[in-house]
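K.L.:
next comes the sequence, and after it the predicted model I'd like to discuss.
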Amino acid sequence: MTVAGVASDSGAGVERISVATDGTQGDGDSAGATITTDGRRIAFSSSAKNLTPANPATWERVFVRDQRTSQTTLMSTNTSPIQPPVISGDGQYVALWGLRFRDTKVFLSQVSSGSTIGINCSGLSCSQPSLSGDGRYIAHVATFT
């Protein structure tokens, strides 16, 4: 079955992901893309200010591009990612390691609602998140010194 805008076995191609919903190219650097199992959603970080109307910030943010709907959605609003984001295999959750008030923390965003929460850590800081295929479980590195 072929779905428009989703990767298929019939052929490979190159497509710019860091674009606004209307197709406008981002006005800043983008990096660190991660893709869902079916290729529908791609999470990436970008310093572009024109990918969504709700992105007036001057620092790097995390976005999700839905290849089926051609929508680009802002995921992180309060923190700048330290490393590339990760997306669950089903594309429902995005995690990132970010700096918040002089401390590093793991943040988890739900793609459908756009809500983001900080993940509590038993150490001084958390880093390098990894998500299970359905986003139900998150693993991260905790630093105690």
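P.N.:
Noted; the coordinates are in hand. None of these values were measured; they are calculated from a predicted model.
K.L.:
mind listing what Ser132 touches?
P.N.:
For Ser132, the residues meeting the contact criterion (Cβ atoms under 8 Å, 6 or more residues apart in numbering) are 88-89, 138. All C-beta atoms are positioned from the backbone trio N, CA, C, and that covers glycine.
K.L.:
keep only those of these that are in helices.
P.N.:
Secondary-structure check on those using DSSP state H: no residue lies within helices.
K.L.:
include distance to Pro53, neighbour count and pLDDT when you put those into a markdown table, please.
P.N.:
Conversion of these to a markdown table gives the following (distance: Cβ to Cβ, whole Å; neighbours: other Cβ atoms under 10 Å; pLDDT from 0 to 100):
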| residue | distance to Pro53 | neighbour count | pLDDT |
| --- | --- | --- | --- |
| Ser88 | 26 | 25 | 95 |
| Gly89 | 29 | 15 | 94 |
| Ile138 | 29 | 17 | 83 |
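K.L.:
for Leu51, state which of those residues is nearest.
P.N.:
Proximity of those to Leu51, judged by Cβ to Cβ, is greatest for Ser88, which lies at 21.2 Å.
K.L.:
which residues does the most centrally placed residue in the chain bridge with?
P.N.:
Relative to the mean C-alpha position of the chain, the nearest C-alpha, by Cα atoms, centre = their mean, is the one of Ala43, at 3.5 Å. In this structure, Ala43 has beta-bridge partners Thr34, Val64, where bridges are defined by DSSP bridges.
K.L.:
which parts of the protein are strands?
P.N.:
When assigned using DSSP state E, the strands of the chain occupy the ranges 30-35, 41-46, 61-66, 71-74, 80-81, 86-87, 93-100, 103-110, 116-119, 125-131, 138-143.
K.L.:
turn the ones you listed into CSV, including distance to Arg16.
P.N.:
As requested, the strands of the chain are exported to CSV (distance: least, Cβ to Cβ, whole Å):
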stretch, distance to Arg16
strand 30-35, 9
strand 41-46, 11
strand 61-66, 9
strand 71-74, 11
strand 80-81, 20
strand 86-87, 18
strand 93-100, 20
strand 103-110, 22
strand 116-119, 25
strand 125-131, 25
strand 138-143, 29
